[in-house]
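>>> Sequence first, then the predicted structure, then my questions.
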Amino acid sequence: MLRRVAASCLRRFSTVSPYYEEHYQYIGNPDLEEFQKFMLGERKKLVQDTTIFKPKEQIEFNRTGELLLYEAEPFRLKDVLTPYPYSVWSWSMPSFLYMYFANPFGLTWLYNDLFLLAGLWGWYPQVEYVFNLRYHINRLWLLRGGKVLKVEHSNVTGYRWKSWIFIDEINLLTEDKKKLEPEKGINAKILDDNNQLKAETHIQVDNFVDVGRNMQDHILVLCKDGQVHNPEILDAVLKGFEVDTSNFRINTLHTERWLEPNTNS
């Protein structure tokens, strides 16, 4: 431990940053030979995706090259205090505690302790439900270039995080949330006649960064009552189609996002 601290302190005074740093020597990380073999070896060639969607109308980006596709407030749209069936155990906690202390059936301590465990841990299902609401999308943007989406999600405190996902890594789930749609849901009907979400939509992303943690095969949710701003493009990206953004213009009006530092003078 002291050796690692001393090495890190001495490295601060060095003007040369080592190409292969010492922390790669930890257990489970590649050694120097494996690291050099990876860096000097042949890389997998990038295969250009041909699933391109071309919008019918011109795309209007904001100053930062983003197009808002969807927005919602999950903690206002979803029931947080009494979500069924997760809140059943929470509201039953007083009954479980009464059964433990009063013991009206005269149970032995081995069986009576089950009421105590249920009374102490009855809050867990509802807390787990509220925690998973952080994976409900607040806002979804398409970035200029048509290959990447910016995702904004939040927790119960209102703190918001931003992450970025590749469109070709999106897989649409069926309505029962149990399996992937065949052919990435190309024949699935996501929007209704009013160009709003037909039902709560679940997508599985191959790689997602959640507050600095790399998550694989992670599921994100779009609330049914959210607002869809560009239905044609949203329907395409949720099915894994990259967007042709060659026909675009930039909105430079001062009435929008005028407090941000990228406002034109």
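Received the coordinates, thanks.

>>> any chance you could map the helices in this structure?
Ranges of helices in the chain, per DSSP state H, are 2-12, 32-40, 74-77, 87-91, 93-102, 109-120, 124-132, 231-238.

>>> Surely residue 173 is in contact with residue 203?
Yes - using CB atoms under 8 Å, residue 173 is in contact with residue 203, at 6.6 Å. The way it works is simple: take the backbone N, C-alpha and C, and place the C-beta from them, glycine included.

>>> more crowded one of the two?
residue 203 (24 against 19; other CB atoms under 10 Å).

>>> per-residue confidence at that one?
Here the pLDDT value assigned to residue 203 is 92.

>>> Please spell out the segments of the chain that come in under the pLDDT threshold.
For the chain, applying pLDDT under 70 flags the ranges 1-30, 43-50, 254-265.

>>> How is it partitioned into domains?
What automatic domain parsing lists as the domains of the chain is 52-75+138-250, 87-131.

>>> quick one, which of these is packed in tightest?
Among the domains of the chain, ranked by average contacts under mean count of other CB atoms under 10 Å, first place goes to domain 52-75+138-250 (a mean of 16).

>>> still on that earlier bit, and the helices of the chain as a markdown table, adding distance to residue 180?
Output for these, formatted as a markdown table (distance: least, CB to CB, whole Å):
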| stretch | distance to residue 180 |
| --- | --- |
| helix 2-12 | 44 |
| helix 32-40 | 31 |
| helix 74-77 | 23 |
| helix 87-91 | 31 |
| helix 93-102 | 38 |
| helix 109-120 | 36 |
| helix 124-132 | 20 |
| helix 231-238 | 13 |
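
>>> Using CSV, write down the CA coordinates of stretch 213-220.
The C-alpha coordinates for stretch 213-220 follow below in CSV (Å, rounded to 0.1, in the frame of the first residue of the first chain):
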residue,chain,number,x,y,z
ARG,A,213,-20.3,2.4,-14.4
ASN,A,214,-20.1,0.5,-17.6
MET,A,215,-23.4,-1.5,-18.0
GLN,A,216,-23.9,-4.2,-20.7
ASP,A,217,-27.3,-5.2,-22.0
HIS,A,218,-28.9,-2.5,-20.0
ILE,A,219,-32.7,-1.7,-20.2
LEU,A,220,-34.0,1.9,-20.5
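
>>> So which of the helices of the chain is nearest residue 151?
Smallest distance to residue 151 across the helices of the chain (CB to CB): 11.4 Å, for helix 231-238.

>>> Thanks a lot, catch you later.
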